[in-house]
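>>> Turn this into a structure:
(one chain, ligands or ions: 1)
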Amino acid sequence: MVSQSPVWFLLYWQSDRTFNGELVTRMAALGAQAISVTVDLPTPGDRRRQFRAGFKIPDSLATPYFNDRNTGVLKVGTTQQRAMPTWADIAWLRSLTTLPLILKGILDPDDAEQAIATGADAIIVSNHGSRNLDTLPATIDALPAIAERVAGRIAIILDGGVRRGTDVLKAIALGASAVMIGRPYVYALATDGADGVAHCVNLLRRDFEMAMALTGRAGIVEIDRSVIW
Ligand SMILES: Cc1cc2nc3c(=O)[nH]c(=O)nc-3n(C[C@H](O)[C@H](O)[C@H](O)COP(=O)(O)O)c2cc1C
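Below is the predicted model of the structure:
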């Protein structure tokens, strides 16, 4: 089994600023060890594959946004709009908590710079699993310029398309401190519950350690750009 991991609270910013603050304070009191704010989803994208697959949120959980989507008609309007935090909102959130603050959904070095200026402890280089805006770059391609700009001032985490240990190795080589996975653990969860997720993580770890051994790296700190062909 995977050992107990720290729990982060992942916040989708809500239009009532105070409510966000209350959520964060409440999650901190409940033991959350980091606050991550998703900053790349001002509106959901046109998820056609999801629509074709017949994906539907149960009516009991539906919001106007999901009801609209289930008609199959793409509407860009107030019902689909999510509130997005401004940089001032992020600074305000920063002032509310001493927990690590992580901004998820950074693809532009200028935004990485602003994240640092606003007091973020880490950024997640993410294109939301490429589920939102078609034609965004792969995160592994966006990473080098961001890593160059950040220059070690804060931690960089990468997600999107991490499927093998070699993907982890490449992300670290190009400047990430860590990676996250989305769909792999969801598939594992659907297949075999908690044991499936543990198996998924163990496979990735074994594959990553093998990739390190095969590139002659005894520790993560030894992974640098020279592992890239
Ligand atoms: C079913 C599903 C639900 C997701 N929900 C959220 C979410 O609520 N907030 C968020 O920031 N990202 C969400 N994401 C994006 C993931 O956090 C992550 O950025 C992405 O899945 C990573 O790419 P990968 O699936 O290729 O590993 C979701 C992804 C999937 C597949």
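
>>> remind me, longest helix of the chain?
helix 183-214 (DSSP state H).

>>> Thr166 against Glu209, yeah?
No - under the criterion of CB atoms under 8 Å, Thr166 is not in contact with Glu209, lying 11.3 Å apart. For the C-beta atoms, the positions are set from N, CA and C on the backbone; glycine is no exception.

>>> Show me which of the two is the more surrounded one.
Thr166 (17 against 14; other CB atoms under 10 Å).

>>> looking at this, that one is in a strand?
No - in this structure, Thr166 is helix, not part of a strand, as judged by DSSP: H, G, I helix; E, B strand; the rest coil.

>>> In contact with it, which residues?
Asp207, Phe208, Ala211 (CB atoms under 8 Å, 6 or more residues apart in numbering).

>>> Report how many residues lie close to the residue nearest to Gly129 when sequence neighbours are not counted.
The shortest distance from Gly129 to any non-neighbouring residue, by CB to CB, 6 or more residues apart in numbering, is to Gly182 (5.0 Å). Residues lying near Gly182 (other CB under 10 Å) number 15.

>>> what do you get for Ala211?
Ala211, neighbours per other CB under 10 Å, totals 19.

>>> Likewise for the one 4 residues further on?
Around Thr215 there are 15 other residues, counting by other CB under 10 Å.

>>> Give me the pLDDT value at it.
At Thr215, the model reports a pLDDT of 97.

>>> and if you look at the one 4 residues further on?
The per-residue pLDDT reported for Gly219 equals 97.

>>> go on, Gly54?
Listed pLDDT for Gly54 reads 89.

>>> for Pro42, same thing?
86.

>>> Can you tell me the element it falls in?
Of the helices and strands defined by DSSP states H and E, none includes Pro42.

>>> Once you drop chain neighbours, what's closest to it?
Leaving out its chain neighbours, Pro42 is closest to Met84 (CB to CB, 6+ apart), at 4.5 Å.

>>> OK, contacts around that neighbour?
Met84 neighbours (CB under 8 Å, 6+ apart): Trp13, Val39, Leu41, Pro42.

>>> Report how many residues lie close to the closest residue to Leu107 other than its chain neighbours.
Of all residues not flanking Leu107 in the chain, Ala142 sits nearest, at 4.8 Å (CB to CB, 6+ apart). Number of residues near Ala142 (other CB under 10 Å) recorded here: 22.
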